[in-house]
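> Build me a model from this:
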Amino acid sequence: MTGAPGALVSRYARSLFAAAAERKALDAVREDLRAIHRLWKEQPELRSLLLNPGLSRMKVRAILTSLAERLGLHAVSRAFIDVLLDKDRLELLAGVQPVYERLILDHEGKIEVKVTTAVVITENLRQQIAQHLRKKSGKDPVVEWRQDPRIIGGIVVEWPDHVFDGSLARKIQNLQVQLAGTV
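Below is the predicted model of the structure:
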């Protein structure tokens, strides 16, 4: 998705979501996008070929049609790819998948959260953190637990449009800035 504006990707993802919801194909389109995203990532030469401006739209369409048949893509996914091709926006295809995933989670009353700690934490503490996130966000958190000793201690929590950095590393950094300002 190199250089693709986020607002444009979001608009296309929302349109796809609406079309898939209308046709009761949310999960099928989700799986299609995951497959396309994997293919886009694992086969950069295919991506380069499809985005090559020297290749005619007819040839790109033929390749995409063959690919869609091979992957068994849902009609909504196929129509979406056709729209991207017709509007010369095929480069947005890879960026749509993560936005669509967030839309699905939101539709299901869930929120994607990344929690980073310096050390492995107990299951009990994980449940407490998840419960706090549930209260704070009003949604059921889908947590990706990470461990990063560079934060020294504390916790870093990231979810859409929010970051809470309660790490010891951040506190030390803030203290250094404050001390530097008093000299």
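> For the protein, which residues score under the pLDDT cut-off?
Residues of the chain that meet the criterion pLDDT under 70 lie in 1-5, 183.
> Show me the helices in it, by range?
6-22, 26-42, 44-50, 57-71, 75-86, 93-107, 123-137, 168-182 (DSSP state H).
> Give me whichever of those is most buried.
Of all the helices of the chain, helix 93-107 has the most neighbours on average by mean count of other Cβ atoms under 10 Å, namely a mean of 19. Backbone N, C-alpha and C define where each C-beta goes, glycine included.
> Which strands or helices does it pack on?
On a contact count with 3 or more Cβ pairs under 8 Å, 6 or more residues apart in numbering; DSSP states H and E, helix 93-107 meets helix 6-22, helix 26-42, strand 110-117.
> switch to 10 Å and redo it
helix 6-22, helix 26-42, helix 44-50, helix 75-86, strand 110-117, strand 140-147 (3 or more Cβ pairs under 10 Å, 6 or more residues apart in numbering; DSSP states H and E).
> got the domain boundaries for this protein?
Following automatic domain parsing, one gets these domains for the chain: 6-105, 110-182.
> now for the last one, what's the gap between its first and last residues?
With Cα to Cα, to the nearest Å applied, domain 110-182 spans 45 Å between its terminal residues.
> And the longest one, by the same measure?
End-to-end distance for domain 6-105: 19 Å, by Cα to Cα.
> roughly how far apart are the residue nearest to I36 when sequence neighbours are not counted and A19?
Nearest residue to I36, sequence neighbours excluded (Cβ to Cβ, 6 or more residues apart in numbering): L93, at 6.5 Å. Relative to A19, L93 is positioned 15 Å away (Cβ to Cβ, to the nearest Å).
> In contact with the residue nearest to I36: list those residues for me.
The neighbourhood of L93, defined by Cβ atoms under 10 Å, 6 or more residues apart in numbering, consists of 1, 4, 9, 12, 33, 36-37, 40, 47, 50-51, 64, 80-81, 84-85.
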